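Novice: Okay, sequence plus prediction incoming.
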Amino acid sequence: MGMAVPVASVASVVPPHRVLEKDKDRIMELYQAGKTSLQVAEVVGVAKSTVLRVLHERGVSIRPWGRHR
């Protein structure tokens, strides 16, 4: 049998995604409309941590976890 060919990891093949200004605007719009950070992440196609970072950078207050009413 031949030698095994090493498989490149996905991280080395896919370039990092930069969050565009229009995406940041959409993140703020959705979050301020009442969506959770996880829901916003799913809609925009980014990680939840990215959503929280963008909100923090733009000075948006983050709502507490869970159902605090």
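Specialist: Thanks, I have it.

Novice: quick one, longest helix in the chain?
Specialist: helix 21-32 (DSSP state H).

Novice: The following helix or strand past it - contacts with which helices or strands?
Specialist: Following helix 21-32 in sequence order, the next helix or strand is helix 37-44 (DSSP states H and E). In terms of contacts (3 or more C-beta pairs under 8 Å, 6 or more residues apart in numbering; DSSP states H and E), helix 37-44 is packed against helix 21-32, helix 48-57. For the C-beta atoms, the positions are set from N, CA and C on the backbone; glycine is no exception.

Novice: Output the below-cut-off pLDDT ranges for this protein.
Specialist: Within the chain, the segments meeting pLDDT under 70 span 1-17, 67-69.

Novice: Just name whatever secondary elements the longest helix of the chain is in contact with.
Specialist: Counting by 3+ C-beta pairs under 8 Å, 6+ apart, helix 21-32 packs on helix 37-44, helix 48-57.

Novice: List the contacts of that helix.
Specialist: If you take C-beta atoms under 8 Å, 6 or more residues apart in numbering as the criterion, helix 21-32 is touched by V19, S37, Q39, V40, V43, V44, V46, V51, V54, L55, R58, V60.

Novice: Please point out which parts of it sit buried.
Specialist: Judged by neighbour count using 16 or more other C-beta atoms under 10 Å, the buried positions of helix 21-32 are D23, K24, R26, I27, M28, L30, Y31.
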